[in-house]
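S.K.: Structure for this input, please:
(one chain, ligands or ions: 2)
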Amino acid sequence: MSEEAAATSATSAPVATIATLGQHEGQSVTLRGWLYNLRESGKLLFPIFRDGTGTVQGVAHVKSVAPEVFEALKGLTQESSVIVTGKVRADKRAPGGYELDVENIQVVQRVPESDPYPITLKEHGVDFLMEHRHLWLRTPRQSAILRIRAEIMRAAAEYFDSNGFIRTDPPILTPAACEGTSTLFPVDYFGDPAFLTQSGQLYIESTALALGKVYSFGPTFRAEKSKTRRHLTEFWMIEPEVAYCDLDCLMELAENFLSHIVQCVLRNRASELAVIGRDPEKLRNILPPFPRLRYDEAAAMLNDAYKKGELENPFEYGNDFGSPDETWLSSQFDRPVMVHRYPADVKAFYMEPDPKDSRYALCVDVLAPEGYGEVIGGSQRVSSYDLLKSRIEQHNLPMDAFQWYLDLRRYGSVPHAGFGMGIERLVAWVCALDHVRETIPFPRMLHRIYP
Ligand code: 4AD
Ligand code: MG
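M.R.: Ligands and ions are numbered 1, 2, ... in the order given. A predicted model of the protein is given here:
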């Protein structure tokens with residue numbers, strides 16, 4: 001069916017979307033969507049329609065619509081697809097501010113009573129919903145989260161595009177590890193071993209030395225056997241990399257970048273935040289500068305918290321922070337906190353040591369507030385050929401596979417820095433979700449690869 005045919009087959013009223021009903025007050029419009037819910041009280045029907053942009057309640061009285069329209073609507077099953085025409089009426093009590101006085105309806109496909117839509121409006125368990133993720137996405141809450149996700153991705157790319165960064169796409173099939181060998185997904189590359197990328201970083205270091213300021217944006221993979229609310233095995237990462245940039249420059253970039261994204265969501269996705277019940281006030285003060293803490297200061301704070309009984313386990317100095325540590329730390333501030341200069345031993349091989357004390361790495365993790373933990377990880381990169389070579393040896397990484405990466409230090413090496421931000425972690429925080437599984441259309445996790 002062509003768009004035009006679909007639009008006009010119910011009536012000649014112009015096609016509108018639910019999100020833009022306000023532009024059509026007092027007029028008849030055609031909506032193309034689905035029946036989300038139906039309340040019936042004798043001679044009155046209250047269908048709720050959804051069209052992907054929102055939901056709107058319709059009203060149909062037996063005396064105000066044609067008998068065949070009332071019949072078509074009466075008993076109509078949830079998620080039946082419909083083209084409906086009605087007059088837009090402002091109603092202060094309605095969630096979107098408008099209701100639709102139904103005039104005509106065409107049922108495109110009626111969901112059979114014998115095989116009803118599996119997700120009813122009652123509560124379902126998470127396992128059931130995850131099994132039906134392909135349908136769960138239709139509920140207003142899930143759709144709103146995906147709209148916010150899309151805005152986060154748009155705003156993230158916009159920030160870099162409008163600040164002189166060039167997008168360069170690293171490969172997804174790679175010959176070696178970037179973030180440690182334990183979490184690689186192997187693939188058979190015509191008989192040779194290869195891996196799905198964990199991060200585009202090493203490759204965009206080379207495009208940064210070619211183009212100055214670059215970023216990459218794509219899927220990344222980690223075979224992490226962790227069952228936490230923060231870990232996916234496939235997630236989307238956006239990564240800037242900048243030539244002639246040090247750790248301070250990187251932290252400034254991180255706080256400006258994150259603030260831009262959050263302010264865009266507040267501006268452009270206010271109604272979606274309302275649908276999911278997210279308090280926008282908690283996001284308004286996400287503006288630079290963010291508090292900065294050395295790892296050592298953070299460790300001391302964690303020790304105090306343990307002594308006061310605010311943490312179950314003591315923090316062992318020298319380790320990376322665990323989830324409960326990050327949760328506690330990030331809940332101490334009203335905006336993201338930047339923890340920098342971790343002990344070099346717990347961090348990646350490519351991180352530049354602090355020239356003032358080489359036991360520390362020039363790195364930063366940005367922890368989101370409200371207990372959401374790490375959303376950004378980054379660092380200044382080792383720029384010395386000799387140091388990088390010895391790091392590759394110490395970490396038992398295959399020297400052959402890293403020759404090209406060493407070339408970046410052989411030919412015109414400069415201080416450079418970059419970070420990676422996981423989109424799903426950011427969506428989880430911005431939407432205040434309990435778990436990253438709702439932040440991506442089809443989450444890939446330890447025990448989930450269907451649908
Ligand atoms: O801290 P990570 O491991 O850093 C890197 O991969 C660097 N190579 C990035 C760079 O410097 N260009 O990962 C970066 C971010 C984390 O802060 C987190 O937001 C996200 O990626 N992330 C995950 N998100 C969901 N599930 C997982 N298993 C994730 N692992 C990392
Ligand atoms: Mg990290």
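S.K.: What backbone torsions are found at the residue of the stretch 1-150 of the chain found nearest ligand 1?
M.R.: At 13.2 Å from ligand 1, residue 149 is the closest residue in the stretch 1-150 of the chain, using Cβ to the nearest ligand atom. Quick note: C-beta positions are derived from backbone N, CA and C, even for glycine. Backbone torsions of residue 149, given as degrees, to the nearest 10, read phi -60, psi -50.
S.K.: if I look at the nearest residue to it once chain neighbours are set aside, how far off is ligand 1?
M.R.: Nearest non-adjacent residue to residue 149, counting by Cβ to Cβ, 6 or more residues apart in numbering: residue 427, 4.8 Å away. From residue 427 over to ligand 1 the distance is 10 Å, taken as Cβ to the nearest ligand atom, to the nearest Å.
S.K.: can I assume residue 427 sits in a helix?
M.R.: Yes: membership of residue 427 in a helix is supported by DSSP: H, G, I helix; E, B strand; the rest coil.
S.K.: Next up, the contacts around it.
M.R.: Listed by Cβ atoms under 8 Å, 6 or more residues apart in numbering, the contact partners of residue 427 are 145, 148, 149, 152, 433, 436, 439, 440.
S.K.: Just the pLDDT for it.
M.R.: At residue 427, the model reports a pLDDT of 98.
S.K.: just the one 5 residues further on next, same as before
M.R.: pLDDT for residue 432: 98.
S.K.: Repeat that for the one 5 residues further on.
M.R.: At residue 437 the predicted local confidence, pLDDT, stands at 97.
S.K.: So for it, what's the nearest residue that isn't a sequence neighbour?
M.R.: Nearest residue to residue 437, sequence neighbours excluded (Cβ to Cβ, 6+ apart): residue 443, at 4.4 Å.
S.K.: For that neighbour, which three-state class applies?
M.R.: Classified using three-state DSSP, residue 443 is coil.
S.K.: What of residue 100?
M.R.: When classified by three-state DSSP, residue 100 comes out as strand.
S.K.: pLDDT below threshold where in the stretch 101-250 of the chain?
M.R.: By pLDDT under 70, the stretch 101-250 of the chain has no low-scoring segment.
S.K.: if you go through it in chain order, where are the strands?
M.R.: Secondary structure of the stretch 101-250 of the chain by DSSP state E, counting those that start in this stretch: the strands cover 166-167, 173-174, 186-189, 192-196, 213-221, 234-243.
S.K.: how about stretch 334-350, does it get close to ligand 1?
M.R.: No: Stretch 334-350 lies apart from ligand 1 when judged by Cβ under 6 Å from any ligand atom; the minimum separation is 6.9 Å.
S.K.: Next to ligand 1 in this structure, residues from the protein, please.
M.R.: So the chain meets ligand 1 at 178-179, 199, 201, 222, 224, 231-232, 235, 237, 239, 374-378, 418-422, 424-425 (Cβ under 6 Å from any ligand atom).
S.K.: hmm, 5 Å instead?
M.R.: Contact residues, the chain versus ligand 1 (Cβ under 5 Å from any ligand atom): 179, 199, 201, 222, 231-232, 235, 239, 374-375, 377-378, 418-420, 422, 425.
S.K.: Going by residue numbers, what spans are helices in this structure?
M.R.: With DSSP state H as the criterion, the chain has helices at 3-8, 67-73, 126-131, 133-136, 140-161, 201-211, 247-268, 270-275, 281-284, 295-307, 323-330, 385-394, 403-410, 423-430.
S.K.: So which of those is the most surrounded?
M.R.: Neighbour counts (mean count of other Cβ atoms under 10 Å) averaged over each of the helices of the chain peak at helix 423-430, with a mean of 25.
S.K.: Next, the angle helix 247-268 makes with that one.
M.R.: Comparing the axes of helix 423-430 and helix 247-268 via axes from the mean of the first three to the mean of the last three Cα atoms, to 10 degrees yields an angle of 60 degrees.
S.K.: Measure how far helix 423-430 is from the centre of its chain, please.
M.R.: Computed by Cα atoms, centre = their mean, to the nearest Å, the chain-centroid distance of helix 423-430 equals 5 Å.
S.K.: With stretch 234-241 instead?
M.R.: Distance of stretch 234-241 from the chain centroid (Cα atoms, centre = their mean) equals 11 Å.
S.K.: if we look at that stretch, which residues are touching it?
M.R.: 153, 156-157, 160, 165, 199-201, 204-205, 207-208, 213-222, 253, 257, 416-425, 436, 440, 444.
S.K.: what's around the residue nearest to residue 437, how many residues?
M.R.: By other Cβ atoms under 10 Å, the residues close to residue 443 number 19.
S.K.: for it, what are its contacts?
M.R.: 130, 133, 232, 424, 436, 437.
S.K.: Surely the fifth one and residue 230 touch.
M.R.: Yes: between residue 436 and residue 230 there is a contact under Cβ atoms under 8 Å: 5.9 Å.
S.K.: how does this protein divide up, domain by domain?
M.R.: Per the record, the chain has its domains at 18-109, 134-438, by automatic domain parsing.
S.K.: quick one, which of those domains is nearest to residue 450?
M.R.: Residue 450 sits nearest to domain 134-438 of all those, at 9.7 Å, using Cβ to Cβ.
S.K.: now the residue nearest to residue 149: how far from residue 375?
M.R.: Counting by Cβ to Cβ, to the nearest Å, the gap from residue 427 to residue 375 is 10 Å.
S.K.: Then residue 65?
M.R.: Going from residue 65 to residue 375 by Cβ to Cβ gives 51 Å.
S.K.: With neighbour numbers in mind, choose between those two.
M.R.: Between residue 65 and residue 375, residue 375 has the larger neighbour count (other Cβ under 10 Å), namely 25 against 21.
S.K.: okay, now the closest residue to residue 348 other than its chain neighbours: neighbour count?
M.R.: Using Cβ to Cβ, 6+ apart and skipping the chain neighbours, the partner closest in space to residue 348 is residue 179 (6.3 Å). Residue 179: 19 surrounding residues under other Cβ under 10 Å.
S.K.: how far away is residue 179 from residue 299?
M.R.: 23 Å.
S.K.: With residue 331 instead?
M.R.: Relative to residue 299, and taking Cβ to Cβ, residue 331 is found at 17 Å.
S.K.: Ok, residue 206 next?
M.R.: Separation of residue 206 from residue 299 (Cβ to Cβ) stands at 35 Å.
S.K.: Does residue 86 touch residue 98 like I think?
M.R.: No: applying Cβ under 8 Å, one finds residue 86 not in contact with residue 98, separated by 10.2 Å.
S.K.: Neighbour count: the two, which is higher?
M.R.: The neighbour comparison of residue 86 against residue 98 (other Cβ under 10 Å) goes to residue 86, with 28 against 19.
S.K.: Just grab the bridge partners of the more buried one for me.
M.R.: residue 29, residue 102 (DSSP bridges).
S.K.: No further questions, thank you.
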